[in-house]
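S.K.: Please find the sequence and the predicted model below.
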Amino acid sequence: MAVETCVAFLLADELDAEEYAQFKPKTPPKARKVREQEEEEDVDEDDDEDDDGEKNYFSAAVPSLSVLDFQKYFQLTQTQVEELVRLLSPCAWATSKLDGWTVTHAVLASLWTLSTLESHCSVAARFHTNESLICHQLNEFCTLVTTNFADKIRWPKWKEADVSVSGFSSSVGLPGTVCVVGSCVIPIERPSDVLDPEAYRDSEKEYSVNLMTFCDHKGCFTYVTAEHPGSWHNSKVLLETEVGRALQEDPLNLLRGNHIIGDATFPLSEHLLTPFPDYGTLGEKKLRYNLKVRAALKVVQGSLGSLRSKFQRLRSLQMNSITQISLAVKTCCILYNKYLETNNTADVECMEEHSVVQEPFHELPNGHSGSLGGISKRQDIAASLGRKPKKESSKAYCRQWYEV
């Protein structure tokens, strides 16, 4: 009931003028009155006109919010939000002693802030509070979510790894693939808590961080990092991550004989496979392998696109602390994984329009064509993919004959 009350409180600006005129109270509802309404089971019949107007507004607005509309505003279902409130309620909130401000308010205000590009001032107006509280509340929310729900982002092991390998094998036809890796840039303000803030300026002279993510076959984030400069090449960012170090120091424990799929910006190895460089001379099997790699990469690209679509604050993160930026991005990824709990797979068609555009690793001054193990494994997989169906091969042959 507390969630419904706060949702109704937020919908004032979403109703059109004619609808809102019927239910608008004579004076704006006060946060104190909202809290009293949540705590009291019975409403006194002798309440003043302000209370009656507030009651009518809530009773009219809440039923008008469908299940889909609720998830549109807050990205999670109402049941998930209620669970979030319940699990975070015992935490030590710095704002818990504020009069009229509850954990429900804190959760919904933070979800709303992350889901939209509304100014903090506008969000504060929705909650009848001040801008500084909204900013402080968002930082506190992100800290508590990343602390209490860290297990929502975990590397697939044992059964989970087998399920992901099977999923990639059946969906894109690449055997032994446990995860795919991709990246995008997150615009930020000039960092204030790093030694060299200018390192975070990209080629367009804007400040940004590189969000590198690994996903399983459903598009669920299994590892994320968002603390390195957006100007860094993907191969450099990878080396600074826990996954990158594990690939070098203990790949067997990390992958159990499987591999990761990445694009050409990553170094080829037997543990991280990339597409064949295409200079127009690739054979049929290598081209088929590249098509399957591209299909696998759509999973992580789709998740990054969906993430930025649902949590639009990531398109313009108004923060200048790399620590807080990393927590905010990770919070959005955790919430996105919770979203996938009620939605089977990510929208692979929602491609990321701000993906990092970088040179292939093998064309870098310090790059190479790949390890011997990686070159051999990639060729073996390409050779094992089989021939195209006869009908498709026949069409290709006829087209080639016609062009000659």
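M.R.: Cool, the structure landed. Numbering: from 1, shown residues only.

S.K.: Please export the C-alpha coordinates of stretch 70-84 as CSV.
M.R.: Below are the C-alpha coordinates for stretch 70-84, written out as CSV (Å, rounded to 0.1, in the frame of the first residue of the first chain):
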residue,chain,number,x,y,z
PHE,A,70,4.3,0.8,-13.4
GLN,A,71,7.2,-1.0,-14.9
LYS,A,72,7.6,1.8,-17.5
TYR,A,73,8.1,4.4,-14.8
PHE,A,74,10.2,2.3,-12.4
GLN,A,75,11.6,-0.5,-14.6
LEU,A,76,10.7,-3.1,-12.0
THR,A,77,7.3,-4.7,-11.2
GLN,A,78,5.4,-3.5,-8.2
THR,A,79,6.2,-6.8,-6.5
GLN,A,80,9.9,-6.4,-7.1
VAL,A,81,9.8,-2.8,-5.8
GLU,A,82,8.0,-4.0,-2.6
GLU,A,83,10.7,-6.7,-2.2
LEU,A,84,13.4,-4.0,-2.6
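
S.K.: Show me which residues of it are buried.
M.R.: 70-71, 73-77, 80-82, 84 (16 or more other Cβ atoms under 10 Å). C-beta: built from backbone N, CA, C; applies to glycine.

S.K.: Equivalent analysis for stretch 135-152, please.
M.R.: Residues of stretch 135-152 classed as buried: 135, 137-146, 149, 152 (neighbour count, 16+ other Cβ under 10 Å).

S.K.: got a list of contacts for that stretch?
M.R.: 87-88, 91, 93-95, 106-107, 109-110, 113-114, 120, 324, 327-328, 330-331, 334-335, 337-338 (Cβ atoms under 8 Å, 6 or more residues apart in numbering).

S.K.: picking up where we left off before, dump the buried residues of stretch 135-152 into TSV; add secondary structure as well.
M.R.: Converted to TSV, the buried residues of stretch 135-152 look like this (DSSP: H, G, I helix; E, B strand; the rest coil):
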residue	secondary structure
C135	helix
Q137	helix
L138	helix
N139	helix
E140	helix
F141	helix
C142	helix
T143	helix
L144	helix
V145	helix
T146	helix
F149	coil
K152	helix
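
S.K.: ends of stretch 271-291, how far apart?
M.R.: Criterion Cα to Cα, to the nearest Å; first-to-last residue distance in stretch 271-291 is 19 Å.

S.K.: any idea of the mean pLDDT for it?
M.R.: Confidence for stretch 271-291, expressed as mean pLDDT, is 93.

S.K.: I'd like to check what contacts it. Which residues are they?
M.R.: With contact meaning Cβ under 8 Å, 6+ apart, stretch 271-291 is reached by 177, 181, 247, 251, 254-255, 259-264, 266-268, 293-294, 360-362, 370, 374, 377-378, 381-383, 385, 387-388.

S.K.: If you rank every helix and strand of this structure by mean pLDDT, what lands last?
M.R.: Across the helices and strands of the chain, mean confidence by mean pLDDT, DSSP states H and E is lowest for helix 17-23: a mean of 31.

S.K.: wait, doesn't M319 sit right on I186?
M.R.: No. At 9.8 Å, M319 does not count as touching I186 under the criterion of Cβ atoms under 8 Å.

S.K.: Identify the contacts common to these two.
M.R.: I325.

S.K.: related to what we said a few turns ago, hmm, which of the contacts of stretch 271-291 are the buried ones?
M.R.: Buried positions within those, assessed by neighbour count (16+ other Cβ under 10 Å), are 177, 181, 247, 251, 254-255, 259-264, 266-268, 293, 361, 370, 374, 377-378, 381-382, 385.

S.K.: For stretch 366-374, measure first residue to last.
M.R.: Terminal residues of stretch 366-374 lie 18 Å apart, using Cα to Cα.

S.K.: chain center to it: distance?
M.R.: Distance of stretch 366-374 from the chain centroid (Cα atoms, centre = their mean, to the nearest Å) equals 31 Å.

S.K.: for stretch 134-141, same thing?
M.R.: With Cα atoms, centre = their mean, you get 19 Å for stretch 134-141.

S.K.: With just CA atoms, put it into CSV.
M.R.: The C-alpha coordinates for stretch 134-141 follow below in CSV (Å, rounded to 0.1, in the frame of the first residue of the first chain):
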residue,chain,number,x,y,z
ILE,A,134,17.5,13.7,-4.1
CYS,A,135,21.2,13.7,-5.0
HIS,A,136,22.2,12.4,-1.5
GLN,A,137,19.4,9.8,-1.6
LEU,A,138,20.5,8.5,-5.0
ASN,A,139,24.1,8.0,-3.8
GLU,A,140,22.9,6.2,-0.7
PHE,A,141,20.5,4.0,-2.7
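
S.K.: I'd like the average pLDDT over it.
M.R.: Averaging pLDDT along stretch 134-141 gives 92.

S.K.: Would you mind stating the distance between C184 and C142?
M.R.: Distance, C184 to C142, using Cβ to Cβ, to the nearest Å: 19 Å.

S.K.: What of Q71?
M.R.: Computed as Cβ to Cβ, the Q71 to C142 distance reads 20 Å.

S.K.: doesn't E189 make contact with P197?
M.R.: No. P197 lies out of contact with E189 (Cβ under 8 Å); the separation is 9.8 Å.

S.K.: Good, wrapping up.
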